[in-house]
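Trainee: from the sequence below, what's the structure:
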Amino acid sequence: MSVRLQSSWSCYGIVLPSLLLLTGFVYVPVLWAFVSSLYAFEIGAASRFVGLANFREYLSVDPTVLPSMANMLVLTLLAVIMRLTFPLVVARLIYALPQERWRYIYRIIFLVPIVVPGVAVQLIWAGMIYSDFGMLNELLRGLGLSHWAHGWLSDPDTALAAVALVGFPFVGGFEVLIYYAGFSAIPDSVNEAAALDACTGLQKFFRIDIPMVLSQLKLILILTLIGGIQGFENVFILTRGGPGFETTVPGLWMYFNAFSFQRMGYACAIGVLLFVIIFGLTLLNMKYFKSSEELQGVR
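Mentor: Reported below is the predicted structural model:
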């Protein structure tokens with residue numbers, strides 16, 4: 001056996017354990033969810049094959065499907081807008097600092113909040129900002145606008161907006177670092193050519209900087225779409241989907257059906273539909289949202 005072949009088998013052997021774990025803990029459960037969506041069953045009880053009945057019930061009978069899909073769309077679109085703008089601007093401002101020392105300090109400052117658990121952040125916003133005597137209502141009372149103070153998460157007119165605004169000013173450390181890495185990878189020759197052509201300020205930001213970080217924008221877009229469609233943790237902590245169905249999203253309804261109503265097959269059907277939506281949007285994103293490398297290859 002040649003040395004090259006032995007090296008190849010060694011590489012396969014190193015990758016094999018990870019592949020087996022990935023198959024056992026990711027691919028098999030996903031396949032199980034697809035199969036289970038065709039059955040009606042509870043945990044510990046006998047299952048009954050129902051075909052596509054779970055899908056038909058959710059899409060045509062379930063009263064939450066339209067409001068939850070609308071809420072998911074609103075929250076996801078707002079998340080996309082916020083994560084593709086605010087962190088991008090902050091990362092560009094950090095990159096523009098003249099001294100590397102200050103760049104490093106600001107990167108650390110924006111990275112520190114990542115160590116705070118997401119659950120803690122949601123609880124802080126619910127208890128310290130949105131509560132009846134929270135910072136927001138107390139600020140309004142201090143400004144003489146006490147008639148505006150109310151339960152932001154319990155009011156049907158403001159609950160969804162309150163959930164969407166959690167995390168203000170929307171400058172996540174992860175996104176900032178990703179964008180900063182993209183700006184740092186811009187060749188010096190490009191910046192020098194822009195300077196020679198008197199392309200500076202906002203003109204350089206929109207014409208050169210943003211096109212050069214399209215790969216990072218594409219990554220954040222995909223991750224935000226996936227998180228917005230399948231996520232429900234923030235809604236569960238803040239409002240439990242209420243009042244009524246004003247903040248309910250499909251992921252939360254899937255959770256309730258699985259662990260509160262014990263309708264595992266129905267919950268799997270909802271999960272499969274979310275998978276189809278995510279998969280379709282990911283394909284569209286990969287096809288029509290070109291990265292900077294792909295654009296350079298086209299040229």
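Trainee: show me where the stretch 101-250 of the chain has helices.
Mentor: Taking DSSP state H, counting those that start in this stretch as the test, the helices found in the stretch 101-250 of the chain are 118-124, 135-142, 159-164, 173-184, 188-196, 201-204, 210-212, 214-230, 233-238, 250-259.
Trainee: for this structure, longest helix please?
Mentor: helix 264-288 (DSSP state H).
Trainee: any idea how far Trp9 is from Leu16?
Mentor: Separation of Leu16 from Trp9 (C-beta to C-beta, to the nearest Å) stands at 10 Å. Where C-beta positions appear, they are placed from N, C-alpha and C, glycine not excepted.
Trainee: make that Asp209, sorry
Mentor: Separation of Asp209 from Trp9 (C-beta to C-beta): 45 Å.
Trainee: more neighbours: the two, which one.
Mentor: Asp209 (22 against 11; other C-beta atoms under 10 Å).
Trainee: picking up where we left off before, tell me which of the helices of the stretch 101-250 of the chain lies nearest to Ser36.
Mentor: helix 250-259 (10.3 Å; C-beta to C-beta).
Trainee: what is the closest one packed up against?
Mentor: Using 3 or more C-beta pairs under 8 Å, 6 or more residues apart in numbering; DSSP states H and E as the contact test, the elements touching helix 250-259 are helix 65-83, helix 214-230, helix 233-238, helix 264-288.
Trainee: dump these to a markdown table, plus mean pLDDT and mean neighbour count.
Mentor: A markdown table is the format used below for these (pLDDT from 0 to 100; neighbours: other C-beta atoms under 10 Å):
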| stretch | mean pLDDT | mean neighbour count |
| --- | --- | --- |
| helix 65-83 | 94 | 18 |
| helix 214-230 | 90 | 19 |
| helix 233-238 | 92 | 20 |
| helix 264-288 | 89 | 17 |
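Trainee: for those, which one sits closest to Leu136?
Mentor: With C-beta to C-beta as the criterion, Leu136 lies closest to helix 233-238 of these, at 13.8 Å.
Trainee: quick one: contacts of the closest one?
Mentor: Identification of contacts with helix 233-238 by C-beta atoms under 8 Å, 6 or more residues apart in numbering yields 118-119, 122-123, 125-126, 130, 153, 162-163, 166, 241, 247-249, 252, 255.
Trainee: at 7 Å instead, please
Mentor: With contact meaning C-beta atoms under 7 Å, 6 or more residues apart in numbering, helix 233-238 is reached by 118-119, 122-123, 126, 153, 163, 166, 241, 247, 249, 252, 255.
Trainee: equivalent analysis for stretch 97-107, please.
Mentor: Contact with stretch 97-107 is made by 94, 177, 180, as judged by C-beta under 7 Å, 6+ apart.
Trainee: picking up where we left off before, nearest to Lys204 among the contacts of helix 233-238?
Mentor: Closest to Lys204, out of all of the contacts of helix 233-238 and judged by C-beta to C-beta, is Val166, at 33.5 Å.
Trainee: per-residue pLDDT, the closest residue to the closest one other than its chain neighbours?
Mentor: Leaving aside its chain neighbours, Val166 sits nearest to Trp125 (4.8 Å; criterion: C-beta to C-beta, 6 or more residues apart in numbering). With respect to pLDDT, Trp125 scores 90.
Trainee: how many other residues sit next to Trp125?
Mentor: 25.
Trainee: do Val166 as well
Mentor: Per other C-beta under 10 Å, the neighbour tally for Val166 reads 19.
Trainee: quick one: contacts for it?
Mentor: Taking C-beta under 7 Å, 6+ apart as the criterion, Val166 is in contact with 122, 125, 234.
Trainee: possible to save the residues you listed as a markdown table with distance to Ala70?
Mentor: Converted to a markdown table, the contacts of Val166 look like this (distance: C-beta to C-beta, whole Å):
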| residue | distance to Ala70 |
| --- | --- |
| Gln122 | 22 |
| Trp125 | 23 |
| Asn234 | 17 |
